[in-house]
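Novice: Just a sequence and a predicted model for now, questions to come.
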Amino acid sequence: MTTQHDTSRVQVFKHAAGVYEGMVAFQSAAAKNFDQTVAELVKIRASQINRCAFCLDMHYADARKLGETQQRLDLIAAWDEVDGLFTEREQAALALTEAMTRLSDGHGVSDAVYARAAQHFDEGELAHLIAMIVAINAWNRFQVTQRAVPMSMAKGRA
């Protein structure tokens, strides 16, 4: 994955290759045997909240490759406002994503949000979902801090 960065910012993965390798291994472990559609929705929603252009660009493209519709991609930021567009399982994952991503709002992950997720995911799936949300939040923080340029924009530069 080659990206251009703000040259005044440290390129974490260049100077700490082990961190990058660890993140890739963590992301891979989190995603193992997990529903790819739900995974991409989670990655997109967390990246929207965290304002990570690099990750949004990547995960919108990945979701399209999986056959995700433009309507769902357009409305994911308002998933809880559009009845019937997202499944109950997807909504539970998105609610958990929002709660875990917005920890600094002081609300934590409520029992209701957690119970909703637990209703739609078995314990193994829930563990992977939680790990996936942690991973995308970490990726977002690296890329935002480095001011990573979205890949679709960086391709035209050289």
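Specialist: Everything's here; your move. Everything numeric in this text was worked out from a predicted model, so none of it was measured.
Novice: Just the buried residues of the lengthiest helix in the chain, please?
Specialist: The longest helix of the chain (DSSP state H) is helix 123-146. By 16 or more other CB atoms under 10 Å, the buried positions in helix 123-146 come out as 125-126, 128-137, 139-140, 142-144, 146. Bear in mind the C-beta positions are built from the backbone N, C-alpha and C, glycine included.
Novice: and what of stretch 113-126?
Specialist: Buried-residue list, stretch 113-126, by 16+ other CB under 10 Å: 113-114, 116-117, 120-121, 125-126.
Novice: who touches that stretch?
Specialist: The contact list for stretch 113-126 (CB atoms under 8 Å, 6 or more residues apart in numbering) reads 34-35, 88-89, 91-93, 95-96, 99, 129.
Novice: angle of the helix or strand harbouring residue 24 against helix 123-146?
Specialist: Per DSSP states H and E: residue 24 is located in helix 17-31. Comparing the axes of helix 17-31 and helix 123-146 via axes from the mean of the first three to the mean of the last three CA atoms, to 10 degrees yields an angle of 150 degrees.
Novice: still on that earlier bit, now, the buried residues of stretch 113-126 that are in strands?
Specialist: Of those, none are assigned to strands by DSSP state E.
Novice: And those, which is closest to residue 72?
Specialist: The closest of these to residue 72 turns out to be residue 120 (CB to CB; 17.6 Å).
Novice: For this protein, give me the ranges with low pLDDT.
Specialist: 1-7, 155-158 (pLDDT under 70).
Novice: Any figure for the gap between the residue nearest to the spatial centre of the chain and residue 57?
Specialist: The residue lying closest to the centre of the chain (CA atoms, centre = their mean) is residue 43, at 1.8 Å. Distance of residue 43 to residue 57, given as CB to CB, to the nearest Å: 11 Å.
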